[in-house]
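Student: have a look at this fold, sequence not included:
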């Protein structure tokens with residue numbers, strides 16, 4: 001029997017608890033069978049990973065941010081096999097994975113797995129062109145280019161931004177990361193970073209900020225995160241509707257209940273800034289349900305309802321402004 005009774009298919013393959021959409025997982029090398037553990041504080045984590053270890057450094061940066069997640073998870077893997085451990089723990093309650101060692105070979109393995117899953121994110125820290133180019137075009141990998149020794153821009157950005165309400169922000173322009181030094185890049189240096197779809201933390205208009213809000217494949221992080229939110233939130237809402245009713249009849253009453261659950265998710269997505277607004281200031285989404293009579297008889301016999309579909313316009317964000325002016329004499 002499947003572990004889920006509700007599947008929302010928007011080209012995303014793996015489910016996650018709604019509460020985990022900003023949580024961080026740190027992958028770290030260790031001898032022995034892979035393990036997974038969640039920590040609510042840096043002190044608790046320090047019992048297993050002492051100060052001075054790469055794992056502690058990443059976790060410390062995450063926990064230092066103003067909008068940090070409620071927990072940080074750590075999963076161990078045997079040397080050279082981060083993807084095996086990650087695959088085994090993929091459906092746990094986290095959404096952004098970091099690598100403690102920042103090794104290029106391990107980064108490539110993790111990025112390849114995350115791209116194949118097309119769900120959740122890998123935040124990778126690199127410090128040169130080679131590191132960026134190795135991860136270019138990897139979907140759902142966010143490449144952070146930062147060469148200041150001892151600083152972890154990947155952990156800071158995810159710790160600061162990942163747990164904000166999904167859809168409420170774009171990652172470009174964001175800053176005020178605790179423990180991270182903005183860099184002064186030349187136009188040519190910045191152009192090289194942007195050519196590889198990577199993000200840098202630079203000074204612009206006197207303020208430190210991320211240079212862009214895209215993953216290594218060029219897709220916008222907030223759009224992908226919003227897609228994940230709609231999937232898991234709708235799965236949860238419909239699951240709750242099924243669980244809380246004594247029986248959901250296979251007729252207009254039951255279909256209406258499912259329609260209502262889907263509407264709850266899309267309205268929530270609109271309120272958070274994922275779904276666009278129409279010209280008359282209404283949420284730009286539609287939900288379609290097939291009545292009982294139009295559903296495949298085989299599905300009715302199997303008690304499967306596959307007649308609900310939806311679409312919505314993505315709100316997106318403005319990342320660049322071009323203004324024309326004229327002076328009259």
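Tutor: Now that the structure is in, tell me what you want to look at. Since the model is a prediction, treat every value here as computed from it, not as a measurement. Numbering: from 1, shown residues only.

Student: any low-confidence regions in the stretch 1-150 of the chain?
Tutor: 1-19 (pLDDT under 70).

Student: where exactly do the strands run in it?
Tutor: 24-29, 36-39, 72-77, 96-99, 121-126, 141-145 (DSSP state E, counting those that start in this stretch).

Student: so which of the ones you listed is nearest residue 52?
Tutor: strand 24-29 (13.4 Å; CB to CB). Yep, even glycine has a C-beta here, placed from its N, CA and C like the rest.

Student: now the angle from the closest one to strand 72-77?
Tutor: Counting by axes from the mean of the first three to the mean of the last three CA atoms, to 10 degrees, strand 24-29 lies at 30 degrees to strand 72-77.

Student: and the strands of the stretch 1-150 of the chain: which comes nearest residue 299?
Tutor: It's strand 121-126; of the strands of the stretch 1-150 of the chain, that one is closest to residue 299 (CB to CB) at 34.5 Å.

Student: just to revisit the earlier point, how about the strands of the stretch 1-150 of the chain in TSV, adding distance to residue 185 and mean neighbour count?
Tutor: TSV is the format used below for these (distance: least, CB to CB, whole Å; neighbours: other CB atoms under 10 Å):
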stretch	distance to residue 185	mean neighbour count
strand 24-29	27	24
strand 36-39	35	16
strand 72-77	30	24
strand 96-99	23	28
strand 121-126	15	26
strand 141-145	9	27
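
Student: select, out of the ones you listed, the one closest to residue 238.
Tutor: With CB to CB as the measure, strand 121-126 is the member of the strands of the stretch 1-150 of the chain nearest residue 238 (24.7 Å).

Student: burial measure for residue 157, as a count.
Tutor: Neighbour count for residue 157, taken as other CB atoms under 10 Å: 28.

Student: wait, it touches residue 124, no?
Tutor: No: counting by CB atoms under 8 Å, residue 157 does not reach residue 124; the two are 11.3 Å apart.

Student: what do the two both touch?
Tutor: 142, 144 (CB atoms under 8 Å, 6 or more residues apart in numbering).

Student: any idea how far apart the tips of stretch 272-287 sit?
Tutor: 19 Å (CA to CA, to the nearest Å).

Student: report the buried residues of stretch 140-160.
Tutor: 140-146, 151-160 (16 or more other CB atoms under 10 Å).

Student: kindly state the domain boundaries assigned to the chain.
Tutor: 22-165+172-212, 229-312 (automatic domain parsing).
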